[in-house]
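**Student:** Okay, structure incoming, though there's no sequence with it:
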Ligand SMILES: Nc1ncnc2c1ncn2[C@@H]1O[C@H](COP(=O)(O)OP(=O)(O)O)[C@@H](O)[C@H]1O
Ligand SMILES: [Mg+2]
């Protein structure tokens, strides 16, 4: 395992604006770092530069003490797992997992031991002699993961590798990938556009937007203290109120050219006649009631614009509430962020 440091990494395709634009990012030794951002923000391009599959226009890539910016792919010691499993269809799981080791010239006995270890870690024991088409999607993804860890990489790169799996299996595999990464103590960079996946799998999240990192922090820091308006609106649900408006934020009253943001679960829903508590309040009319798993989101039209509040599905607050009903919304300035509009 090794520390990964990207410094001012830049890549443009043809004459288009750079897909990756002066990106600086570090993953500590043994850290599980998620690179999270919307489709097209440059995540895959970043990973391909780290892997050596795409040359960087500018910037440096360091792995441990070594500058690998221009190093050939096979000398980087990097394990790769993609969304498409990219397994050899004519080889069984053992053949696929051992392929990279054979290329590295690892002797047969050692190779067999490492393949067996990788099969065990990915819970594929007993399936080693099946070909990809005889395996389910989840099992094929495990083979791809086993192949990546069998080479004992200094760095593991995972690109949207769970996107093809159904929701239940995806959740299971998240936990397994995390366990395998810990057990092998490998530094990992996990690319995803899915915020739930990023927040639940990693030690640290780096939020990427337009080829750059907007914020790096723990899942809690990113969620509770978003550094930019983009991060605030990309991670989790958010109400936005454009100023000027009679709203208090953590940093004072909301002015012109500013936007206040508050998460719907921090907004209290009040039935007609109830007194508002909290230093921000608005009265409104219910526009929509939506069930989101075990919470219920109530959207209301208010003089401040549309605002949503979330209550527990078990709460009596939303029972009997209909579209068109008058409601109150109240929230605290300490839960209200302020950004330039
Ligand atoms: N081989 C390529 N040739 C030209 N443009 C590309 C190529 N690969 C990616 N791009 C463009 O670069 C930008 C970033 O793409 P990508 O790195 O794949 O983003 P992400 O993985 O975050 O979805 C996009 O605008 C995409 O269309
Ligand atoms: Mg991608």
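**Tutor:** All right, it came through fine. Values in this document were obtained by computation on a predicted structure and should not be read as measured data. Ligands and ions are numbered 1, 2, ... in the order given.
**Student:** Could I get the buried residue list for stretch 220-237?
**Tutor:** Of the residues in stretch 220-237, those buried by neighbour count under the rule 16 or more other CB atoms under 10 Å are 222, 223, 226, 229, 230, 231, 232, 233, 234, 235, 236. For every residue, glycine as well, the C-beta is placed using N, CA and C.
**Student:** ok, which stretches of this protein are helices?
**Tutor:** Using DSSP state H, the helices of the chain run over 43-51, 93-103, 108-121, 137-150, 167-184, 195-201, 219-224, 229-234.
**Student:** which stretch among the ones you listed comes nearest ligand 1?
**Tutor:** With CB to the nearest ligand atom as the criterion, ligand 1 lies closest to helix 43-51 of those, at 3.2 Å.
**Student:** what's the closest one in contact with?
**Tutor:** The contact list for helix 43-51, computed with CB atoms under 8 Å, 6 or more residues apart in numbering, reads 4, 6, 9, 11, 19-20, 23, 35, 37, 54-56, 61, 73, 76, 78, 80, 155, 157, 159-160, 189, 191, 193, 208.
**Student:** Just the ones of those in strands?
**Tutor:** When DSSP state E defines the strands, the subset of the contacts of helix 43-51 inside them is 4, 6, 9, 11, 20, 23, 35, 61, 78, 80, 155, 157, 159, 189, 191, 208.
**Student:** residue contacts, residue 200?
**Tutor:** So residue 200 contacts 174, 219 (CB under 8 Å, 6+ apart).
**Student:** quick one: it from residue 321, how far?
**Tutor:** Residue 200 is 31 Å from residue 321, where distance means CB to CB, to the nearest Å.
**Student:** Select the longest strand from this protein.
**Tutor:** The strand of greatest length in the chain, counted in residues with DSSP E as the criterion, is given as strand 280-292.
**Student:** Enumerate every residue touching residue 82.
**Tutor:** Listed by CB under 8 Å, 6+ apart, the contact partners of residue 82 are 144, 159, 160, 161.
**Student:** now the first one: how far from residue 185?
**Tutor:** Computed with CB to CB, the distance linking residue 144 and residue 185 is 20 Å.
**Student:** Those two: which has the busier surroundings?
**Tutor:** Comparing residue 144 with residue 185 by neighbour count (other CB atoms under 10 Å), the higher total belongs to residue 144, at 24 against 9.
**Student:** shouldn't that one be in contact with residue 87?
**Tutor:** Yes: checked against CB atoms under 8 Å, the pair residue 144 and residue 87 is within contact range at 6.4 Å.
**Student:** that older thread, of the contacts of helix 43-51, buried ones?
**Tutor:** 4, 6, 9, 11, 19-20, 23, 35, 37, 54, 56, 61, 76, 78, 80, 155, 157, 159-160, 189, 191, 193, 208.
**Student:** so residue 339 bridges to which residues?
**Tutor:** Residue 339 has these beta-bridge partners by DSSP bridges: residue 259.
**Student:** give me the number of residues near the residue in the chain that ligand 2 sits nearest to?
**Tutor:** Residue nearest to ligand 2 within the chain: residue 44 (3.2 Å; CB to the ion). Using other CB under 10 Å, residue 44 is surrounded by 20 other residues.
**Student:** Over to residue 289?
**Tutor:** Close neighbours of residue 289, defined as other CB under 10 Å, add up to 15.
**Student:** pLDDT wise, what is it at?
**Tutor:** Reported pLDDT at residue 289 in the predicted model: 95.
**Student:** Tell me who's in contact with it.
**Tutor:** So, once contact is read as CB under 8 Å, 6+ apart, residue 289 ends up touching 296, 297, 298, 299, 318, 321, 323.
**Student:** What's the end-to-end length of stretch 180-191?
**Tutor:** In stretch 180-191, first residue to last residue: 17 Å (CA to CA, to the nearest Å).
**Student:** May I see the buried residues of that stretch?
**Tutor:** 180, 181, 184, 186, 187, 188, 189, 190, 191.
**Student:** And stretch 85-93, by the same measure?
**Tutor:** Within stretch 85-93, the residues that count as buried by 16+ other CB under 10 Å are 85, 87, 92, 93.
**Student:** from these, which single one is nearest residue 278?
**Tutor:** Residue 278 lies nearest to residue 85 out of these, by CB to CB, at 50.6 Å.
**Student:** Look up how far residue 8 lies from the closest one.
**Tutor:** Taking CB to CB as the criterion, residue 85 is separated from residue 8 by 33 Å.
**Student:** Run through this structure and note the low-pLDDT ranges.
**Tutor:** By pLDDT under 70, the low-scoring segments of the chain are 1, 273, 275.
**Student:** Tell me which residue is most central in it.
**Tutor:** residue 198 (2.7 Å; CA atoms, centre = their mean).
**Student:** Return the residues in contact with that residue.
**Tutor:** Shown here is residue 198, whose contacts under the criterion CB under 8 Å, 6+ apart are 34, 36, 190, 192, 205, 219.
**Student:** got JSON lines for these, with distance to residue 304 too?
**Tutor:** Formatted as JSON lines, the contacts of residue 198 follow (distance: CB to CB, whole Å):
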{"residue": "34", "distance to residue 304": "34"}
{"residue": "36", "distance to residue 304": "30"}
{"residue": "190", "distance to residue 304": "38"}
{"residue": "192", "distance to residue 304": "34"}
{"residue": "205", "distance to residue 304": "30"}
{"residue": "219", "distance to residue 304": "29"}
